[in-house]
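*Asks:* sequence first, predicted coordinates after that:
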Amino acid sequence: MLTRHTLIVAAALSLLAVAPAVAQNPMVGGAPMMENKNIVENAVNSKDHTTLVAAVKAAGLVETLSGPGPFTVFAPTNSAFAKLPPGTVEMLVKPENKAKLTKILTCHVVAANAMSPAIAKMIMDDKGTHPVKTVGGCMLQAKMVGERITLTDENGNVATVTIADVKQSNGVIHVVDTVLLPKG
């Protein structure tokens with residue numbers, strides 16, 4: 001005779017049998033992020049990253065971020081760009097501002113494949129704050145606020161990682177809620 005306990009155990013085991021063996025990438029901007037695609041191939045599908053994609057194209061960084069990497073990209077959302085003063089994005093994507101735009105975007109890129117558990121460990125090992133040198137030469141300060149990683153730029157702007165560990169074929173994306181800016 002089957003008891004209630006036996007039925008519960010059987011149901012739990014049946015769920016485990018159909019559960020995927022590895023964790024799936026989180027959805028970003030309503031789109032699945034495929035581990036076998038590179039950063040650019042995935043970013044173009046996110047409705048939350050249309051401004052970032054346009055900026056990457058304007059800066060001429062598509063080829064670089066489609067390359068072998070590894071890259072860790074702290075990817076600002078459209079709403080992160082919307083926090084900038086009015087007209088800033090439109091000004092930055094003009095050809096004459098390509099160098100400034102490139103500097104800003106590369107301040108969101110690290111030449112490594114840094115998953116959030118590794119970043120959290122570095123923060124802990126460094127007693128609460130870990131310096132992060134970006135490809136663009138910016139020095140960010142990584143900290144933990146509760147369970148979330150934050151990054152503070154050289155101007156004191158703080159970005160929170162809202163979606164972590166989005167695996168790519170050439171690195172990882174961490175979605176952030178604020179645009180990080182170089183000093184000056």
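*Replies:* Okay, I see it. Numbering: from 1, shown residues only.

*Asks:* helix or strand right after the lengthiest strand in the chain?
*Replies:* Looking across the chain with DSSP state E, the single longest strand is strand 158-168. Proceeding N to C from strand 158-168, the next assigned helix or strand is strand 171-176, under DSSP states H and E.

*Asks:* now that following strand: how far from the chain's centre is it?
*Replies:* Offset of strand 171-176 from its chain centre (CA atoms, centre = their mean, to the nearest Å): 2 Å.

*Asks:* ok, now stretch 115-124?
*Replies:* With CA atoms, centre = their mean as the basis, stretch 115-124 stands 14 Å off its chain's centre.

*Asks:* and for residue 37, the neighbour number?
*Replies:* Neighbourhood size, residue 37 [other CB atoms under 10 Å]: 17. Glycine gets a C-beta too; all of them are placed from N, C-alpha and C.

*Asks:* residue 49 too?
*Replies:* Residue 49 has 25 neighbouring residues, counting by other CB under 10 Å.

*Asks:* how about the nearest residue to it once chain neighbours are set aside, what does it touch?
*Replies:* Excluding its sequence neighbours, the residue lying closest to residue 49 (CB to CB, 6 or more residues apart in numbering) is residue 43, at 5.1 Å. Contact partners of residue 43, counting by CB atoms under 8 Å, 6 or more residues apart in numbering, are 49, 52, 53, 56, 75, 173.

*Asks:* sec struct for residue 36, please.
*Replies:* Look at residue 36: counting by DSSP: H, G, I helix; E, B strand; the rest coil, its state is coil.

*Asks:* show me the contacts for it.
*Replies:* Residues near residue 36 by CB under 8 Å, 6+ apart: residue 169.

*Asks:* where does it land on pLDDT?
*Replies:* Listed pLDDT for residue 36 reads 85.

*Asks:* how near is it to residue 169?
*Replies:* Counting by CB to CB, to the nearest Å, the gap from residue 36 to residue 169 is 6 Å.

*Asks:* please apply the same query to residue 50.
*Replies:* For residue 50, the distance to residue 169 - CB to CB - is 22 Å.

*Asks:* can you confirm residue 26 is in a strand?
*Replies:* No: with three-state DSSP as the criterion, residue 26 is assigned coil and is not in a strand.

*Asks:* give me the number of residues near it?
*Replies:* 14.

*Asks:* contacts only, for it.
*Replies:* For residue 26, the contacting residues are 33, 163, 165, 166, by CB under 8 Å, 6+ apart.
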